[in-house]
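A.B. asks: give me the fold of what follows.
(2 chains)
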There are 2 protein chains.
Amino acid sequence: MHVEQHAKPIKGIRLATACAGIKQSERDDVTLIELNEGAHCAAVFTQNRFCAAPVIIARRHLQQSSPRYLLINSGNANAGMGAIGLEDAEASCVELASRTGLDKSTVLPFSTGVIGERLAVSKVTAVMDQLLAGLSADHWPAAATAIMTTDTVEKVASVQRTYAGCTVTVTGMAKGSGMIHPNMATMLAYIATDANVEDDVLAHCLKYAVDRSFNRITVDGDTSTNDACVLMASGQGELLVEGTDNAAYQVLSDAVSAVCRQLALAVVADGEGATHLVHIDVSGGQSLAECRCVADAVALSPLVKTALFAEDPNWGRILAAVGRAGIDDLDVDGVTLHLDQVLIAERGARAANYSEQAATQVMQQKEYCLRIGLGRGAEEVRISTCDLSYDYVRINAEYRS
Amino acid sequence: MHVEQHAKPIKGIRLATACAGIKQSERDDVTLIELNEGAHCAAVFTQNRFCAAPVIIARRHLQQSSPRYLLINSGNANAGMGAIGLEDAEASCVELASRTGLDKSTVLPFSTGVIGERLAVSKVTAVMDQLLAGLSADHWPAAATAIMTTDTVEKVASVQRTYAGCTVTVTGMAKGSGMIHPNMATMLAYIATDANVEDDVLAHCLKYAVDRSFNRITVDGDTSTNDACVLMASGQGELLVEGTDNAAYQVLSDAVSAVCRQLALAVVADGEGATHLVHIDVSGGQSLAECRCVADAVALSPLVKTALFAEDPNWGRILAAVGRAGIDDLDVDGVTLHLDQVLIAERGARAANYSEQAATQVMQQKEYCLRIGLGRGAEEVRISTCDLSYDYVRINAEYRS
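C.D. replies: Next up is the predicted model:
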């Protein structure tokens, strides 16, 4: 499916950004997304027990009303603040609601940035009129930039498909660079479609897409306190989706999944300090779970990640990570290792015709596959990750996140 | 208990080192340890499925005979070599056995260094006569140096105790700096005592000590393919230990545990690129397992480890790691966080009287405790770790391990 890396507008969904001065720079740091009346919405949130105040409030409001506004600030996570954090997140919603004549529960708050410092609600409030006046369906690129923290590029994706004469558009944006590890949604992501689709169908579609995109990337194994992923459906386009067991749903689901995958790959490619995007493809497992264990062990190994950075085909470190991944009855003689099409190791040892030069050439690419065959079953999984560079240490030793 | 950081000789145990040219430098890289006739021995090995050839051979020989020689080379791990690796490990034993008139199964081989390159057995063989001629009970310091790879300091420890008029001495050495993560023994370590003690009692004593020392440190979460820890008892001292349920055993067990703890701390303090030794003390857990999960999540978090390097009391990252450690019913309001005696966070938020200056002062020390109270039980654990620095990336991007 063709995924465009720029944002097509979604009829019914409008966005605006403003500079509230929460970040120290003069970049826009507050984003408002407006959903049309009658729009539907589904969301998934971090599973970290120390979830941030806006996550708690957003979950609560979602149960009470259909969302009409998403209010997102970057530069401050409003996390680790206890009761005062909840009050601040709630107060932002109250302020916006008072300007729109709606109940506060129609506003979902989101925050990303520094943990453990109080959110300046007055700064957010001060730009609310400007935000409401500036709403436009064309502001996806500005919004994708305004939600960034340590990200180096904005991340947007769009897909348009036609089914039975009806066109459906799906557009999304995401932010995320550090504290990225699959455990539900691992960053902030907002996806919208013009399809006409109810909440429960939307939730099904979102869970499927997230499990196969944002939950299959890792930068550093750290799950954020603020992760959230929202899927909105304005219903103002041509496609009507009823239930999940039909072709129209499949069209929508495929489009949403494609947008989520594109955004997820953009997040990991922009991982803090990353110089390579590496897909860990594990196949031949007896279960998805064991494939996942092996892929995670390799993707999270600092020794493997520094070798990826060095463009060093250090297959011994990869085999060592596979060997400690927890498969007690793994027959090492059945394991094969490829870098793209280059066979590196088999039968527990370096391949007979192994060429270090060929392996190094693969690793010099910006993006490639590290393929691990377990030789014991038919299950497989792909986890996408990045390398561990000096810049990862620099960014995280200097940045107070 | 007073642990000396230099090695007291153990009567009956002799050591020798030589430069075989396996390493590129001109440092000694082969070590021979001789056990007296009648000595006893116990050992634990890596649980990595891709264990190295010498681990497989050493396990096999241990079941066949009482060890008389430990033959250790650094610079080459003899791992990931398949059948030829096993032949090479075995051949080294055969060569040494032929010079001593003993069966090959009385020799245990050990290797550490580069994975995936063939061990030059002829180089090891070439120094065997020199090794046999140079054996001395005083050569612990030279041996501790000869087994090093990326280690920056040699690691030795000794304890001497007296019980019922009998003196017992325990001396050990270890190497390890990268690929360090608790999963049984996570490096090479050799401990000897002059106590008179049978194999099964020795095995019990070793397992207890390793579980509480080498299995409670982590540098990078990577379990090596070559880890081994050997406990030898010459029986030529004064202490007789029979069975495990008596005071004499307790004296020996305490001494062995103290030596192992000292060596384990020396390994993690010398972790690749490490600038701080940090003890993660988790208390108030419902089980040892959940304390361990929390300690591991914190100790392995790249975001926490870079903050330790930056001497930045970034408690949000610590809480985030605690929150994703897998305790589903964790009440975040019950969690407390201290740096040594400085209270950082409580009730899910920064402590009211928190002083960043005081917290930073703690983190500027070479060694300190990060104390996490879970507030839900009486179990506790200590895991010792180090920070993640630029040098970790440099060492592992440049070194082919």
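A.B. asks: who touches the residue of the stretch 1-150 of chain A found nearest chain B in this structure?
C.D. replies: When scored by Cβ to the nearest Cβ, the stretch 1-150 of chain A has A:Ile115 as its residue closest to chain B, at 2.6 Å. Just so you know, the C-beta spots here come from the backbone N, C-alpha and C atoms, and that holds for glycine as well. Contacts for A:Ile115 (Cβ atoms under 8 Å, 6 or more residues apart in numbering or on different chains) come out as A:52, A:77, A:79-80, A:225, A:401, B:314, B:316-317, B:319-320.
A.B. asks: swap in 6 Å and give it another go.
C.D. replies: The neighbourhood of A:Ile115, defined by Cβ atoms under 6 Å, 6 or more residues apart in numbering or on different chains, consists of A:77, A:79-80, B:316.
A.B. asks: which ones among those lie within helices?
C.D. replies: Among the contacts of A:Ile115, the members falling in helices (DSSP state H) are B:Gly316.
A.B. asks: let me have the contacts of A:Ile115 in JSON lines, extended by neighbour count.
C.D. replies: Below are the contacts of A:Ile115 laid out as JSON lines (neighbours: other Cβ atoms under 10 Å in any protein chain shown):
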{"residue": "A:Ala77", "neighbour count": "30"}
{"residue": "A:Ala79", "neighbour count": "31"}
{"residue": "A:Gly80", "neighbour count": "26"}
{"residue": "B:Gly316", "neighbour count": "26"}
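A.B. asks: which one of the contacts of A:Ile115 sits closest to A:Ala255?
C.D. replies: Set against A:Ala255, the nearest of those by Cβ to Cβ is A:Ala77 (30.8 Å).
A.B. asks: so that closest one sits right up against A:Gly113, yeah?
C.D. replies: Yes: using Cβ atoms under 6 Å, A:Ala77 is in contact with A:Gly113, at 5.1 Å.
A.B. asks: residue ranges with poor pLDDT in the stretch 251-400 of chain A?
C.D. replies: Within the stretch 251-400 of chain A, the set of residues satisfying pLDDT under 70 comprises A:399-400.
A.B. asks: what parts of it come near chain B?
C.D. replies: Residues of the stretch 251-400 of chain A lying close to chain B by Cβ under 6 Å from any Cβ of the partner chain are A:301-303, A:306, A:309-310, A:316, A:319-320, A:323-324, A:330, A:332, A:347-350, A:390, A:393, A:396-397.
A.B. asks: ok, what's across the strand from A:Ile72?
C.D. replies: A:Thr31, A:Phe110 (DSSP bridges).
A.B. asks: that one reaches A:Phe110, doesn't it?
C.D. replies: Yes: with contacts counted by Cβ under 6 Å, A:Ile72 reaches A:Phe110, the gap being 4.2 Å.
A.B. asks: more neighbours: which of the two?
C.D. replies: A:Phe110 (28 against 25; other Cβ atoms under 10 Å in any protein chain shown).
A.B. asks: distance of the more buried one relative to A:Leu71?
C.D. replies: 7 Å (Cβ to Cβ, to the nearest Å).
A.B. asks: cool, A:Glu117 as well?
C.D. replies: Per Cβ to Cβ, A:Glu117 is found 18 Å from A:Leu71.
A.B. asks: then A:His40?
C.D. replies: Going from A:His40 to A:Leu71 by Cβ to Cβ gives 19 Å.
A.B. asks: same check on A:Met232?
C.D. replies: 14 Å.
A.B. asks: among these two, which residue is more densely surrounded?
C.D. replies: Of the pair A:Met232 and A:Leu71, A:Met232 is the one with more neighbours under other Cβ under 10 Å, namely 27 against 23.
A.B. asks: wait, that one sits on A:Cys41?
C.D. replies: Yes: the pair A:Met232 and A:Cys41 passes the contact test of Cβ under 6 Å, sitting 5.1 Å apart.
A.B. asks: so what's A:Cys386 up against?
C.D. replies: Per Cβ under 6 Å, 6+ apart, neighbours of A:Cys386: A:219, A:268, A:271, A:274, A:277.
A.B. asks: let's see it at 8 Å
C.D. replies: A:Cys386 is in contact with A:219, A:268-269, A:271, A:274-278, A:305, A:308, counting by Cβ under 8 Å, 6+ apart.
A.B. asks: ditto for A:Gly172
C.D. replies: Contacts of A:Gly172 (Cβ under 8 Å, 6+ apart): A:156-158, A:189-192, A:259-260, A:262-263.
A.B. asks: ok, for it, nearest residue in space, not its chain neighbours?
C.D. replies: Distances taken as Cβ to Cβ, 6 or more residues apart in numbering or on different chains place A:Ile191 nearest to A:Gly172, at 3.6 Å, with adjacent residues excluded.
A.B. asks: and the gap between that neighbour and A:Gln250?
C.D. replies: According to Cβ to Cβ, A:Ile191 stands 17 Å off from A:Gln250.
A.B. asks: have a look at these two and say which one is more surrounded.
C.D. replies: A:Ile191 (27 against 14).
A.B. asks: check what pLDDT the more buried one gets.
C.D. replies: We have a pLDDT of 86 for A:Ile191.
A.B. asks: what pairs with the host helix or strand of it, parallel or antiparallel?
C.D. replies: Using DSSP states H and E, A:Ile191 sits within strand A:188-193. Applying DSSP bridges, strand A:188-193 is found paired with strand A:166-175 (antiparallel), strand A:228-233 (parallel).
A.B. asks: sweet, I'm off.
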